[in-house]
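Trainee: Dropping a prediction and its sequence here:
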Amino acid sequence: MLKWALIFLIIAVVAGIFGFTNVEAASATIAQWLSGIFVVLFLGALIIGLTLGAKLRS
């Protein structure tokens, strides 16, 4: 998912350089959403992993 966010970020930057403002805005929005979803899923997995790890140690 982070890979796709970076791809859309690159598309947004290239579109911005060439003046395709609609494509740039759409790609940037998609990149922001994917990055946000990635962060939420990562934090959820981290919390679950730390919780289960603590229970397994004790």
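Mentor: Structure received. Numbers count the residues shown, from 1 in each chain.
Trainee: Please make it C-alpha for all contacts and neighbour counts, starting now.
Mentor: Will do.
Trainee: Where does residue 32 fall, secondary structure wise?
Mentor: Assigned by DSSP states H and E, residue 32 belongs to helix 21-57.
Trainee: Average pLDDT for that helix, rounded please.
Mentor: For helix 21-57, mean pLDDT is 93.
Trainee: Tell me how many other residues surround residue 38.
Mentor: Counted with other C-alpha atoms under 10 Å, residues neighbouring residue 38 total 15.
Trainee: Quick check, it in contact with residue 3.
Mentor: No - in this structure, residue 38 is not within contact of residue 3 by C-alpha atoms under 8 Å, at 10.1 Å.
Trainee: What residues sit buried inside the helix holding residue 32?
Mentor: Using 16 or more other C-alpha atoms under 10 Å as the test for burial, helix 21-57 gives 23-24, 27-32, 34-35.
Trainee: quick one, what contacts residue 1?
Mentor: Contact analysis of residue 1 by C-alpha atoms under 8 Å, 6 or more residues apart in numbering lists 34-35, 38.
Trainee: go on, residue 27?
Mentor: 8-9, 11-12.
Trainee: Out of these, who's the most crowded?
Mentor: residue 12 leads the contacts of residue 27 on contacts (other C-alpha under 10 Å) with 24 neighbours.
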